[in-house]
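K.L.:
here is my input, please return the structure:
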Amino acid sequence: MATLELEVVEEAVTQPARKGRRFGMLFWAAIGWMTFVFAVAIFATVLPLPSPTDMDMLERRAPFSAEHWLGTDGLGRDELSRLIYGARISLVVGLCAPVIGLTIGGALGMLAGYFRGRFESMVVGSMDVLLAFPPLVLALAVTAYLGQSIFNLTCILGVLGIPAFMRVARAATLTLARREFVIAAQALGATHTRILLRELLPNVILPLFAFFLLGVAITIVVEGSLSFLGLGVPPPISSWGSMIGEGRESLDVAPRLAFLPAAAMFLTVLSFNLVGDTLRALTDPRQGAL
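P.N.:
Below you'll find the model as predicted:
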């Protein structure tokens with residue numbers, strides 16, 4: 001009996017340590033890179049950097065130097081400055097577009113999973129119709145019709161993300177809608193609004209936030225693809241995708257012009273994926289005992 005009690009105490013003591021070890025070195029490395037990218041993007045205007053649009057045709061494709069740490073591009077613009085200011089565009093689009101999907105898709109998914117019936121069929125059917133269109137082709141068509149701007153690009157990518165967020169919210173709501181705490185709230189006479197906001201939303205928001213981080217990574221890649229094809233943000237504004245597209249013309253003489261923004265995008269997308277996967281594993285309702 002004493003041995004059993006000792007094992008229980010040891011399990012209670014070691015459980016927090018085991019939880020702390022869930023976050024490995026890759027997770028914290030991803031957090032560090034994301035923090036660095038956000039910091040340089042936010043404080044770009046106060047950093048001692050030349051303007052990303054100033055051209056010097058006498059310094060075209062200049063190598064690394066004390067004046068230009070990462071050299072210059074094909075028009076003599078500072079590559080480090082363009083890389084940092086390009087991070088602003090990629091992050092703004094990558095964060096704002098999933099917010100649209102999270103807000104609209106999350107709300108529709110919770111309502112569909114809670115009320116079920118005809119409303120659920122209508123919501124799921126409309127999302128299936130939207131998913132029937134190839135996302136990249138639809139984004140290309142709408143961007144070409146509405147014109148190139150950060151606002152248009154963000155709205156298009158946000159609308160394309162609604163079905164995915166709706167499905168995540170609906171799946172989580174279906175899992176939680178018949179739990180004891182929801183049934184108890186209904187038995188006590190709680191309104192549908194109170195149950196959705198006070199009982200379900202705090203539990204649904206965790207998997208939604210984990211998926212949000214994955215959505216940021218996907219949106220950055222899609223934005224980069226559109227900018228690479230020339231349908232992203234209009235010049236002279238630069239993003240990582242447009243920098244890769246411009247550097248493609250200099251691959252034989254200055255491959256760094258394409259590889260540097262590609263490496264920055266790769267590390268940022270990988271970091272969001274690692275953090276999102278880790279949080280998704282920790283907030284998966286199927287792994288909980290509630």
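K.L.:
touching, residue 153 and residue 223? I think so.
P.N.:
Yes. Residue 153 lies in contact with residue 223 (C-beta atoms under 8 Å); the separation is 6.6 Å. For the C-beta atoms, the positions are set from N, CA and C on the backbone; glycine is no exception.
K.L.:
which residues of the stretch 151-290 of the chain fall in helices?
P.N.:
Applying DSSP state H, counting those that start in this stretch to the stretch 151-290 of the chain gives helices spanning 162-176, 180-187, 192-194, 201-228, 240-247, 256-283.
K.L.:
quick check: which of these is buried the most?
P.N.:
helix 240-247 (a mean of 24; mean count of other C-beta atoms under 10 Å).
K.L.:
mind showing which ranges of the protein have poor pLDDT?
P.N.:
Scanning the chain with the threshold set as pLDDT under 70 gives 1-22, 283-290.
K.L.:
identify the residue nearest the geometric centre of it.
P.N.:
Closest residue to the average C-alpha location of the chain: residue 216 at 1.1 Å, with C-alpha atoms, centre = their mean.
K.L.:
now that one: how far from residue 180?
P.N.:
Distance of residue 216 to residue 180, given as C-beta to C-beta, to the nearest Å: 34 Å.
K.L.:
just put the helices of the stretch 151-290 of the chain in a markdown table and tack on distance to residue 106.
P.N.:
Listed next are the helices of the stretch 151-290 of the chain as a markdown table, based on distance: least, C-beta to C-beta, whole Å:
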| stretch | distance to residue 106 |
| --- | --- |
| helix 162-176 | 4 |
| helix 180-187 | 18 |
| helix 192-194 | 16 |
| helix 201-228 | 5 |
| helix 240-247 | 27 |
| helix 256-283 | 14 |
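K.L.:
those helices: which one's closest to residue 46?
P.N.:
Closest to residue 46 of the helices of the stretch 151-290 of the chain is helix 256-283 (C-beta to C-beta; 20.2 Å).
K.L.:
quick check: angle from the closest one to helix 240-247?
P.N.:
Counting by axes from the mean of the first three to the mean of the last three C-alpha atoms, to 10 degrees, helix 256-283 lies at 150 degrees to helix 240-247.
K.L.:
so how far is helix 256-283 from its chain's centroid?
P.N.:
Distance of helix 256-283 from the chain centroid (C-alpha atoms, centre = their mean, to the nearest Å) equals 9 Å.
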